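Student: this one's structure only:
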């Protein structure tokens, strides 16, 4: 079709969708009505399945509450893939599910950030190169892992130890050098594509100078004081999808590309890239999360452990130097406080100082001092401090596991939008899966918000204007919490059946009364006839 007809075609399609949505509303109001039974559909949409499925394929529906009345809205979806799968997974597992109202409130906050992220993605993807890199990020991940494994397997089977023990560079054939060079250059290219797509997709932001100073001060403040200070400062809102420039993930991608370039000349660095296997693995990410979630707690406990070892190293340097008589031959260095501290740090963390520093005195008093030194170190550092670190890791892992179980249980047994239990839909409607897929689909609500952003305010319908105003006011009362049309319809059907049954019962009762009255009248008439016959005979 020529470009001059494009507006006409677009208008015809929009009119077709508008008519289709009206017909669907008619069908909802009258369940006995079908698309073949609506006369106007034959003229506008056609009676063939192809035209009907075209409009059905790109149409979604949601339910909202207005004036305490539950209503259904149909709208057109232009692009179902506009929300990235990574963002969907992030929302599903990180939205606040503590209560129905908190869930909806947090969902609205997420929807704002996702819509902003979509606007950013639309700007970026206008560039064909950027669009190509972002769309194929999964390919870069997989191919890069394969190349990394090939490089490390090649090193494993071709490297031979050098003759001299002081040399670090292995012996290798010219063929293996060429193979590693080719694979290294390919690894460089794929690393550039992966890291570039990461920066294009996430747009890491540099922190404000004031935020850096506040972050440093907050390390030495109680948690409640940090929260209070943030409220007083009126700290700016941070998007739930915002990526910090100095975050662990961004630093990881910087190191990923840097080690790839260095690995081209020193292939030892390619072993680092094997860690990328955990990047898209939820199980491994949860294991790593048990270390990073309470990372500051672990760091502070580790600092406390280093301080304790330093105190014991100082005591050893002052009073127990003869116990380090083995010297370099046994790895016991204590000619200076620095050497004594490093020696104590190494052996104290591995097995405990008592296992490596021999008792050199034959005097009981000195032996008692050494006993107190060893036992106190074993109790304070080896037993208490190490178990504290282990407890933090185990508790964090348990917390992550419980959070995952709670989220999975909520997704399996409760509707995200209305929070009604799945049993209600299994017993009173078409089923829970049908409900969350066609009636209260959380992604349909998000697509509806995107639809509002793409529609001009002058083109809003009454319900669209109502929802947009509620969202501007941060009011989530239009969500059908604890309400669903399918359950209401089923309840209305039950009420209708009860009313019909009651009407039948009342009809039977009236008929029974009529029969009893007729019987009584017949009996009275018979009595009167008998009385007349008796009097007539007497006369």
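Tutor: The structure has been received and is ready for your questions. Every value quoted in this text rests on a predicted model; they were computed, and no experiment measured them. Residues are numbered from 1 along each chain as shown.
Student: Is residue 370 within a helix or a strand, and which one?
Tutor: helix 364-377 (DSSP states H and E).
Student: Mind giving me the packing neighbours of that helix?
Tutor: Here helix 364-377 touches helix 295-319, going by 3 or more C-beta pairs under 8 Å, 6 or more residues apart in numbering; DSSP states H and E. Placement of C-beta: from N, CA and C, glycine included.
Student: by contact count, what packs against the helix it packs on?
Tutor: For helix 295-319, where contacts count as 3+ C-beta pairs under 8 Å, 6+ apart, the packed elements are helix 337-350, helix 364-377, helix 386-413.
Student: swap the cut-off to 10 Å and go again
Tutor: Judged by 3 or more C-beta pairs under 10 Å, 6 or more residues apart in numbering; DSSP states H and E, helix 295-319 is in contact with helix 282-292, helix 337-350, helix 364-377, helix 386-413.
Student: Looking only at the last one, what residues are buried by neighbour count?
Tutor: Going by neighbour count (16 or more other C-beta atoms under 10 Å), the buried part of helix 386-413 is 392, 393, 396, 397, 400.
Student: what ranges do the helices span in the stretch 401-539 of the chain?
Tutor: Taking DSSP state H, counting those that start in this stretch, the helices of the stretch 401-539 of the chain run over residues 422-428, 432-434, 442-454, 462-472, 485-538.
Student: what's the closest of the ones you listed to residue 405?
Tutor: Among these, helix 422-428 comes nearest to residue 405, with 16.6 Å by C-beta to C-beta.
Student: going on from the one helix or strand in the chain whose mean pLDDT sits lowest, what's the next piece of helix or strand?
Tutor: Here the helix or strand of the chain ranked lowest by mean pLDDT, DSSP states H and E is helix 39-44, holding a mean of 52. Next helix or strand after helix 39-44 toward the C-terminus (DSSP H and E): helix 49-57.
Student: Return the set of buried residues in that following helix.
Tutor: In terms of neighbour count (16+ other C-beta under 10 Å), helix 49-57 has its buried residues at 51, 52, 54, 55.
Student: I figured residue 261 was touching residue 195, is that so?
Tutor: No: judged on C-beta atoms under 10 Å, residue 261 makes no contact with residue 195 at a distance of 11.1 Å.
Student: picking up where we left off before, of the helices and strands packed on helix 295-319, which approaches residue 316 most closely?
Tutor: Residue 316 lies closest to helix 337-350 among the helices and strands packed on helix 295-319, at 5.7 Å (C-beta to C-beta).
Student: Could you list the buried residues of the closest one?
Tutor: Quick answer for helix 337-350 (16+ other C-beta under 10 Å): 340, 341, 343, 344, 345, 347, 348, 349.
Student: Contacts for it, please.
Tutor: Helix 337-350 is contacted by residues 302, 305-306, 308-318, 320-321, 324, 331-334, 336, 353-357, 377, 381-382, 386 when judged by C-beta atoms under 10 Å, 6 or more residues apart in numbering.
Student: Rebuild the helices and strands packed on helix 295-319 as JSON lines, extending it with mean pLDDT.
Tutor: JSON lines is the format used below for those (pLDDT from 0 to 100):
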{"stretch": "helix 282-292", "mean pLDDT": "73"}
{"stretch": "helix 337-350", "mean pLDDT": "88"}
{"stretch": "helix 364-377", "mean pLDDT": "82"}
{"stretch": "helix 386-413", "mean pLDDT": "87"}
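Student: Between the ones you listed, which one is closest to residue 433.
Tutor: Going by C-beta to C-beta, the one of the helices and strands packed on helix 295-319 nearest residue 433 is helix 386-413, 10.2 Å.
Student: helices and strands around that closest one, which ones?
Tutor: Looks like helix 386-413 contacts helix 85-94, helix 282-292, helix 295-319, helix 422-428 (3+ C-beta pairs under 10 Å, 6+ apart).
Student: hey, least reliable of these by pLDDT?
Tutor: Note on these: helix 282-292 shows the lowest mean pLDDT, a mean of 73.
Student: Check what contacts that helix and list those residues.
Tutor: Contacting residues not belonging to helix 282-292 are listed as 89, 93, 248, 275, 277-279, 281, 293, 295, 298, 392-401, 403-404 [C-beta under 10 Å, 6+ apart].
Student: Low-confidence bits of the stretch 51-200 of the chain, can you list those?
Tutor: For the stretch 51-200 of the chain, the stretches flagged by pLDDT under 70 are 163-166.
Student: In it, mark out all the helices, start to finish.
Tutor: According to DSSP H, counting those that start in this stretch, the helices that the stretch 51-200 of the chain contains are 85-94, 100-124, 128-135, 137-158, 174-202.
Student: got the angle for the fourth one vs helix 174-202?
Tutor: With axes from the mean of the first three to the mean of the last three C-alpha atoms, to 10 degrees as the basis, helix 137-158 and helix 174-202 are set at 160 degrees to each other.
Student: for the shortest one, same thing?
Tutor: What separates the directions of helix 128-135 and helix 174-202 is an angle of 100 degrees, with the same axes, to 10 degrees.
Student: angle of helix 128-135 against helix 100-124?
Tutor: For helix 128-135 against helix 100-124, the angle by the same axes, to 10 degrees is 140 degrees.
Student: got the buried residues for helix 128-135?
Tutor: In terms of neighbour count (16+ other C-beta under 10 Å), helix 128-135 has its buried residues at 130, 133, 134.
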